[in-house]
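# Structure for this input, please:
(one chain, ligands or ions: 2)
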Amino acid sequence: MNDAGPVLAVTGLGFSRSGRPVLRELDLALDAGRITLLTGHNGSGKSTLLRILAGLLPPDRGRWHIDGTPGSSWQEVRRSLLQRHCYLHQQPYLFDATVFDNIAYGLRRRRVPRREIAERVARALRHVSLEPLRDRPARALSGGEQQRVAIARAWVLRPRLMLLDEPVANMDKPARRRSIDLINRLAEHGIAVVVTSHDPQHGELRIRRHLHLYQGELSERRLRTEAASASH
Ligand SMILES: Nc1ncnc2c1ncn2[C@@H]1O[C@H](COP(=O)(O)OP(=O)(O)OP(=O)(O)O)[C@@H](O)[C@H]1O
Ligand SMILES: [Mg+2]
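Residues are numbered from 1 along each chain as shown. Ligands and ions are numbered 1, 2, ... in the order given. Below is the predicted model of the structure:
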């Protein structure tokens, strides 16, 4: 699955806010089918980094390779970042519409034929185990269910990289477990996944790499458990 090199590589990524450096000359490469855990204290810049990688926030500097193709600036690669990468906010914004319509939204915007939309959304609903809720108003679902709708809405667009910002915070154990299973399956489908958290303990999440952000710099941390490093 991981034979084509990193889906994304960036070097010398720098970003400041109000003259204060948030990210200092970071180098980062992300491989298909791998889950990377990104930890760091509140305000360390995790969400900032994810938003830059998703094409939502312009950095000050950085050199990019998207699927091996070089781009000299974020502006130059922005369209590719937006098309191939999905950023998921901790509290996802769902439209005031059914679960089905929320998941179909991006496909309709891309003018995918109706029949294909129906098939792909049905597959996505199965993927997140929400078939029985397809016609329910999305905003009437629980927080954990809404999170799964948001993952399905992103997954249906076949992203190469999913950037999940604190996806299991504030979830009870069963919801957390379901989300973790789902995130593991995203990686099995060959998607590169980054998960942010304050907490390096993630139970069954099949983390392949743990990066820690501190004072604007990334460092590699050893994986906590044998189970995590042995899986895959
Ligand atoms: N819109 C903004 N305007 C100005 N500064 C901001 C803005 N958003 C974030 N910052 C600052 O950028 C730095 C990094 O914030 P960021 O939200 O990326 O951190 P984080 O690691 O995601 O934190 P948390 O764990 O609380 O989610 C912080 O110092 C924060 O105050
Ligand atoms: Mg954050």
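# What helix or strand is the residue nearest to the spatial centre of the chain located in?
By Cα atoms, centre = their mean, the chain has its centre lying nearest to L163, at 1.9 Å. Under the criterion of DSSP states H and E, L163 resides in strand 161-164.
# How far off centre is the following helix or strand past that strand?
On the C-terminal side of strand 161-164, the nearest following helix or strand under DSSP H and E is helix 173-188. What separates the centre of helix 173-188 from the centre of its chain is 13 Å, taken as Cα atoms, centre = their mean, to the nearest Å.
# Endpoint to endpoint, stretch 159-168 covers what distance?
One end of stretch 159-168 to the other measures 20 Å (Cα to Cα, to the nearest Å).
# for the record, mean pLDDT for that stretch?
For stretch 159-168, the per-residue pLDDT values average out at 94.
# do the same with stretch 189-203
In this model, stretch 189-203 has an average pLDDT of 87.
# before we move on, what about stretch 42-51?
96.
# ok, and does stretch 32-41 reach over to ligand 2?
No - in terms of Cβ under 5 Å from the ion, no part of stretch 32-41 sits within range of ligand 2; the closest distance is 8.7 Å. C-beta coordinates here come from the backbone N, C-alpha and C atoms, glycine included.
# first to last residue in that stretch, what's the distance?
The stretch stretch 32-41 measures 27 Å between its terminal residues, going by Cα to Cα.
# just how off-centre is it within its chain?
For stretch 32-41, the distance from its own C-alpha centre to the chain's C-alpha centre is 9 Å (Cα atoms, centre = their mean).
# quick thing: my sequence starts at 720, can you match it?
Happy to do that; since the first residue is 720 now, the last one works out to stretch 751-760.
# buried stuff in that stretch?
Residues of stretch 751-760 classed as buried under the neighbour-count rule (16 or more other Cβ atoms under 10 Å) are A751, G752, R753, I754, T755, L756, L757, T758, G759.
# quick revisit: counting by contacts, list what the strand holding L882 packs against.
With contacts defined as 3 or more Cβ pairs under 8 Å, 6 or more residues apart in numbering; DSSP states H and E, the secondary structure elements packing on strand 880-883 are helix 765-772, strand 804-807, helix 862-874, strand 911-916.
# got the angle between the third one and helix 892-907?
With axes from the mean of the first three to the mean of the last three Cα atoms, to 10 degrees applied, the angle from helix 862-874 to helix 892-907 works out at 10 degrees.
# what's the answer for the first one, then?
Going by the same axes, to 10 degrees, helix 765-772 is angled at 30 degrees with respect to helix 892-907.
# contacts for helix 765-772?
The list of residues contacting helix 765-772 from outside it, by Cβ atoms under 8 Å, 6 or more residues apart in numbering, reads 727, 729, 732, 734, 736, 741-742, 745, 757-759, 776-778, 781, 793, 800, 804, 806, 880, 882, 884, 913, 915, 932.
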